[in-house]
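In: fold the following.
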Amino acid sequence: MKKKITIEDLAGMVNKGFTEMEEKVEQLGTELRTEIDQLRTELRTETHEGFIGVNRRIDLLHEDISDISDIREELKDHDERLSRVERKVGSAK
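Out: Below you'll find the model as predicted:
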């Protein structure tokens, strides 16, 4: 003999289905938030480490070029001295 399903039984089954789906959606939301937080942390770490590397390279470049103004001044002085020597020996351009 088949059991008769009442409206109340049907309403209970539908309610149970919605409750189960709500729990699954909440669980997925929690998992997604956790994963997003982990990715955000990894991205911050990688970005921070990347900037540390870039800053190191910039510091090295700064050290390499820090005396350029002195070198320019020396070149200007040498150019003037060479011009004087050329004028004295008569080979000025």
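
In: look up how far Lys24 lies from Thr41.
Out: Noted for Thr41: a distance of 26 Å to Lys24, by CB to CB, to the nearest Å. Quick note: C-beta positions are derived from backbone N, CA and C, even for glycine.

In: what's the answer for Gly17, then?
Out: 11 Å.

In: dump the residue contacts of Glu23.
Out: Residues near Glu23 by CB atoms under 8 Å, 6 or more residues apart in numbering: none.

In: and it, how far from Gly90?
Out: 100 Å.

In: return the alpha-carbon coordinates of the helix or strand containing Ser83 using CSV.
Out: Assigned by DSSP states H and E, Ser83 belongs to helix 68-89. What follows is helix 68-89, C-alpha atoms only, in CSV (Å, rounded to 0.1, in the frame of the first residue of the first chain):
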residue,chain,number,x,y,z
ILE,A,68,78.1,61.0,-12.3
SER,A,69,78.1,64.7,-11.5
ASP,A,70,81.7,64.5,-10.4
ILE,A,71,82.6,62.6,-13.5
ARG,A,72,80.9,65.2,-15.7
GLU,A,73,82.8,68.0,-13.9
GLU,A,74,86.1,66.1,-14.5
LEU,A,75,85.3,65.6,-18.1
LYS,A,76,84.5,69.3,-18.5
ASP,A,77,87.8,70.2,-16.9
HIS,A,78,89.7,67.7,-19.1
ASP,A,79,88.0,69.1,-22.2
GLU,A,80,89.0,72.6,-21.2
ARG,A,81,92.6,71.5,-20.5
LEU,A,82,92.8,69.6,-23.8
SER,A,83,91.5,72.6,-25.7
ARG,A,84,94.2,74.8,-24.2
VAL,A,85,96.9,72.2,-25.1
GLU,A,86,95.5,72.0,-28.7
ARG,A,87,95.6,75.8,-29.0
LYS,A,88,99.2,75.9,-27.8
VAL,A,89,100.4,73.3,-30.2
